[in-house]
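Student: show me the folded form of this:
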Amino acid sequence: MIDLNAFEEKNKKFSYYISKLPYDNEIKGSLNNQEFIRKNPPYYLYYPELFAKAFNYTDREKIELLCFAGFFYYKHLIIHDEINDNNSSKGSIYKLLLIANICQEESIKILTTLFPLNSSFWKLWNKRKMEFSKGIVYDKNPTRIKNFRDFENFANAKSAIGKIAIDALNILSKNRNHSLYNEVLSSHKWFYCGFQILDDIIDFREDIENKQTNIAKIQLEKKLGKDNNYSTPDLEKLLFLKGIAEDLLQKSQFYYSKANDSAIKYKLNLWTEVIKLNIAESIRREVNIKTFIKSIEIRIKLEKECNNKLVEDIIIDKSNDIFYNIGVDAFEHIYNNWKKGYGELQHILFLPRNEGFETEEEFHYADIFQRAIVTDSFFDANTIFKGQLSELIEYEVQYLKSKKISDYPGGWSYLPSIKEVAADADDLGQMLQVFSRNEDKQYIIATCKTPIDTLNENCIHEDGGIETWIIPQNNRTLFQERQYLFNTSKWGTGPDSEVMANYLYGLSLYSIEEYENIIRKGIDYLLKKRAPQGFWVSRWYYGVYYGTYVCLRLIKRITGDYALLKPSGDYIFNNQNEDGGWGNGDKSDPLSTSLALLCLSQIIEYEPIRYGSIIDKAVEYLNKLHQLNKIFIGVPFIKPRTNDPYISKTIVASYVLKAISILIKKNDQDIISMQ
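Tutor: As a prediction, this is how the structure comes out:
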């Protein structure tokens with residue numbers, strides 16, 4: 001792992017160094033722009049330290065100055081890139097040029113304190129600048145790259161400025177071992193060959209638009225021909241579908257491995273960590289591509305095999321109500337996907353055997369929890385659609401019942417094809433909501449009581465917190481022992497606030513009387529877990545709005561105490577973006593906005609004028625998205641692990657549908673008055 005403490009320490013020293021420079025505060029602020037510093041890899045701020053150990057160079061003061069000089073020069077180059085790409089207005093170009101020139105000047109000032117004018121360093125300095133210039137020429141002339149050898153030379157030239165750190169350490173240490181010096185340079189070269197491939201895949205569209213050299217485009221053209229007539233978006237899809245991106249990522253891993261050989265040989269631990277980090281990123285992207293390809297295959301298969309059919313097709317007529325019509329379109333989006341086997345709803349996960357899973361397949365897909373969420377939204381929509389969804393609801397209820405785990409203690413698993421994934425409280429809570437709303441109490445008694453009792457008797461802490469996984473404490477089967485091992489070593493243990501709230505709400509719909517003590521104790525626990533700002537952090541979901549919604553929903557149902565709900569209402573009220581939506585930050589999205597509206601639906605009756613005003617703005621935001629055909633888009637929702645979000649347009653549509661249905665119902669009941 002990258003040492004973030006080392007970065008923070010270096011950042012602190014760099015800030016102090018800048019504070020002592022003879023410039024006004026505005027210039028110093030630009031030089032010490034933390035947004036720029038933090039959006040770049042942390043090790044850029046201490047780049048020479050990655051290689052110092054190879055040369056046994058330990059003068060901390062000089063290494064630190066070398067780090068600062070390197071970062072100043074790097075910033076100078078990036079600013080010039082920004083200007084050349086025409087990403088700045090005329091008014092800001094002059095300031096950017098000023099900052100770029102100051103960065104270059106400060107870098108050279110530092111270097112002249114480390115190396116006298118007659119030092120051999122300056123000869124290497126000029127050599128690296130010439131190499132870098134050659135790299136720029138290559139970058140602007142893609143036809144110069146004929147093969148991978150040309151590409152390697154290009155990547156090496158483009159990263160030439162980074163080699164100055166190695167040159168400087170070699171001279172400062174008075175190293176006479178030329179073999180060592182060349183091997184470290186070679187490691188640097190191979191690293192940036194791998195890095196350039198990764199960069200080219202990420203920037204594929206941008207490089208095509210800017211007519212820059214891109215190895216992914218070059219390799220794709222070898223398969224398609226240079227004179228193909230594909231659009232840039234289609235070329236990007238073909239990059240993955242034709243296997244080019246996957247092959248290139250494997251090539252990048254080969255380059256990184258070559259870079260790592262020398263790093264290990266000379267015990268360059270910091271450099272090795274950087275290489276490992278990039279190998280992991282390359283592998284992650286390769287897995288994502290495989291998952292993307294597999295998801296297409298699964299969707300085609302599901303659509304081909306799909307026999308989802310109702311006795312009577314559902315056709316919802318539109319009205320003069322714009323908000324209602326968004327709900328109609330949301331339902332049609334979901335319904336059309338249902339007719340195709342819910343392929344887009346599937347959560348495709350890559351779980352390799354080498355991670356210990358006892359399964360033949362490495363790709364698995366899940367839709368049980370998702371279909372329960374969507375079905376829940378159908379219950380709300382069925383009210384405003386005058387009962388037209390009843391047959392569809394019953395169809396989905398039967399599907400969910402068919403997915404119950406047969407092994408003791410029963411329940412539902414998010415991923416039943418993986419035995420190492422135990423039944424969980426989140427799935428159980430979602431099923432309880434669906435079956436309770438379907439007035440299926442006898443089914444709950446017959447099939448849900450055992451997992452409920454197992455969870456309540458084995459997985460509740462003294463403080464009211466409830467574990468996520470439904471596993472007995474004692475007398476476990478061999479497979480339950482295995483599930484417990486995976487929980488503690490891979491999935492993680494609870495309690496998780498959003499899972500607890502979802503489960504307890506489901507339990508309350510089934511029987512408040514029977515479980516009141518457990519539910520109230522759970523609420524006490526959840527209230528202690530609420531952030532001071534008024535929201536709940538979710539472990540398994542992106543953003544704060546899902547967790548906040550399910551917690552508010554539970555607390556409102558059980559207590560009806562506005563004093564307990566208001567802190568979250570204040571948070572929602574104060575964090576609406578200017579466009580009327582909500583999101584993770586100042587960029588709104590339809591999922592966060594729908595979840596925020598669902599939060600407001602729990603508290604609107606307490607202060608209808610206050611909350612009604614922001615609901616109106618949110619409705620305008622959703623309507624604008626609807627008009628632009630950008631409302632049913634993919635937004636990260638479930639986070640099974642870092643950098644691997646579950647994204648589904650169908651899920652977004654279902655929360656839009658649920659929010660609209662509930663607000664229309666409240667409007668009809670005169671609880672709110674929507675414009």
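Student: now for the helix or strand where I166 lies, which elements pack on it?
Tutor: Using DSSP states H and E, I166 sits within helix 160-172. Applying 3 or more C-beta pairs under 8 Å, 6 or more residues apart in numbering; DSSP states H and E, one finds that helix 160-172 contacts helix 60-84, helix 90-114, helix 121-140, helix 178-202. Placement of C-beta: from N, CA and C, glycine included.
Student: now the residue nearest to P590 when sequence neighbours are not counted: how far from N623?
Tutor: Nearest-residue entry for P590: I631, 5.1 Å, with adjacent residues in sequence omitted and distances by C-beta to C-beta, 6 or more residues apart in numbering. As judged by C-beta to C-beta, to the nearest Å, I631 and N623 stand 9 Å apart.
Student: all helices for the stretch 201-350 of the chain, in order.
Tutor: 204-209, 215-224, 232-241, 244-265, 269-305, 322-339 (DSSP state H, counting those that start in this stretch).
Student: these two touch, right, A157 and I145?
Tutor: No: with contact defined as C-beta atoms under 8 Å, A157 does not count as touching I145 (11.6 Å).
Student: and the pLDDT for E391?
Tutor: If you check E391, the pLDDT there is 97.
Student: distance of it relative to R371?
Tutor: Plainly put, E391 is 16 Å away from R371 if you go by C-beta to C-beta.
Student: okay, those two: which has more neighbours?
Tutor: The residue with more neighbours, out of E391 and R371, is R371; 22 against 13, by other C-beta atoms under 10 Å.
Student: can you tell me the closest non-neighbouring residue to the more buried one?
Tutor: Going by C-beta to C-beta, 6+ apart, R371 has E396 as its nearest residue, at 6.0 Å.
Student: now V397, nearest residue through space, not along the chain?
Tutor: N438 (5.3 Å).
Student: give the residue spans of the stretch 151-300 of the chain that score low on pLDDT.
Tutor: Nowhere does the stretch 151-300 of the chain drop to pLDDT under 70.
Student: same question but for the stretch 551-675 of the chain, I mixed them up
Tutor: Across the stretch 551-675 of the chain (using pLDDT under 70), the flagged ranges come out as 642-643, 669-675.
Student: where do the helices of it begin and end?
Tutor: According to DSSP H, counting those that start in this stretch, the helices that the stretch 551-675 of the chain contains are 562-574, 590-601, 608-627, 649-668.
Student: mind listing what's buried in stretch 18-28?
Tutor: Of all the residues in stretch 18-28, those buried under the rule 16 or more other C-beta atoms under 10 Å are 18, 27-28.
Student: domains for the protein, by residue range?
Tutor: Domain ranges of the chain: 1-114, 118-305, per automatic domain parsing.
Student: does the residue at the greatest distance from the centre of the chain sit in a helix, a strand or a coil?
Tutor: What lies farthest from the middle of the chain is N118; by C-alpha atoms, centre = their mean that is 51.1 Å. Under the three-state scheme (DSSP: H, G, I helix; E, B strand; the rest coil), N118 adopts coil.
Student: follow-up on the earlier one: so which of the helices of the stretch 551-675 of the chain is nearest Q430?
Tutor: helix 649-668 (12.3 Å; C-beta to C-beta).
Student: V421 versus G356, what's the distance?
Tutor: 12 Å.
Student: check P352 too.
Tutor: P352 is 15 Å from V421, where distance means C-beta to C-beta.
Student: more neighbours, the two?
Tutor: Neighbour count, other C-beta under 10 Å: between P352 and V421, V421 has more, with 22 against 11.
Student: ok, for the more buried one, nearest residue in space, not its chain neighbours?
Tutor: Per C-beta to C-beta, 6+ apart, closest to V421 is L415, 4.5 Å.
Student: okay but the one you found is in contact with L349, surely?
Tutor: Yes: at 6.8 Å, L415 and L349 qualify as touching, with contact defined as C-beta under 8 Å.
Student: can you pull the contacts of H347?
Tutor: 365-367, 370, 638, 640, 646, 648 (C-beta atoms under 8 Å, 6 or more residues apart in numbering).
Student: partners of it in the sheet?
Tutor: Here H347 sits in beta bridges with A366, going by DSSP bridges.
Student: so what pLDDT did it get?
Tutor: Reading off the model, H347 has pLDDT 92.
Student: who are the packing partners of the helix or strand encompassing E394?
Tutor: Secondary structure from DSSP H and E places E394 in helix 390-402. Here helix 390-402 touches helix 368-384, helix 425-437, going by 3+ C-beta pairs under 8 Å, 6+ apart.
Student: highest average neighbour count across the ones you listed?
Tutor: Highest mean neighbour count among the helices and strands packed on helix 390-402 (mean count of other C-beta atoms under 10 Å): helix 425-437, with a mean of 25.
Student: follow-up on the earlier one: what residues do A157 and I145 have in common as contacts?
Tutor: Among the neighbours of A157, those also in contact with I145 (C-beta under 8 Å, 6+ apart) are Y138.
Student: re the thing from before, between the helices of the stretch 201-350 of the chain, which gets nearest to R176?
Tutor: It's helix 244-265; of the helices of the stretch 201-350 of the chain, that one is closest to R176 (C-beta to C-beta) at 18.0 Å.
Student: packing partners for the closest one?
Tutor: helix 178-202, helix 215-224, helix 232-241, helix 269-305.
Student: do that again at 7 Å, thanks
Tutor: Packing contacts for helix 244-265, counted by 3 or more C-beta pairs under 7 Å, 6 or more residues apart in numbering; DSSP states H and E, involve helix 178-202, helix 215-224, helix 269-305.
Student: in TSV: those, plus distance to G162 and mean neighbour count.
Tutor: Compiled in TSV, these are given as follows (distance: least, C-beta to C-beta, whole Å; neighbours: other C-beta atoms under 10 Å):
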stretch	distance to G162	mean neighbour count
helix 178-202	6	20
helix 215-224	19	19
helix 269-305	11	17
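Student: tabulate those (TSV), appending distance to Q250.
Tutor: Output for these, formatted as TSV (distance: least, C-beta to C-beta, whole Å):
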stretch	distance to Q250
helix 178-202	10
helix 215-224	12
helix 269-305	7
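Student: quick one: closest of those to H76.
Tutor: helix 178-202 (19.1 Å).
Student: which residues touch the closest one?
Tutor: 51, 54, 152, 155-156, 158-159, 162-163, 166, 170, 175, 207, 214-216, 245, 248, 251-252, 255-256, 258-259, 262-263, 266, 275, 278, 281-282, 285 (C-beta atoms under 7 Å, 6 or more residues apart in numbering).
Student: what's the angle between that helix and helix 232-241?
Tutor: 120 degrees (axes from the mean of the first three to the mean of the last three C-alpha atoms, to 10 degrees).
Student: endpoints of stretch 580-596, how far apart?
Tutor: Terminal residues of stretch 580-596 lie 11 Å apart, using C-alpha to C-alpha, to the nearest Å.
Student: hang on, Y43 packs against L50?
Tutor: Yes: with contact defined as C-beta atoms under 7 Å, Y43 counts as touching L50 (6.2 Å).
Student: quick one, which of these two is more surrounded?
Tutor: Applying other C-beta under 10 Å to Y43 and L50 shows that L50 carries more neighbours, namely 25 against 20.
Student: list the contacts of that one.
Tutor: Counted by C-beta under 7 Å, 6+ apart, L50 has contacts 43, 268, 270-271, 274.
Student: coming back round to it: and for the residue nearest to R371, the neighbour number?
Tutor: 22.
Student: from I368, how far off is it?
Tutor: If you go by C-beta to C-beta, the gap between E396 and I368 works out to 11 Å.
Student: go on, A155?
Tutor: From A155 to I368 the distance is 46 Å (C-beta to C-beta).
Student: how about Q212?
Tutor: Distance of Q212 to I368, computed by C-beta to C-beta: 45 Å.
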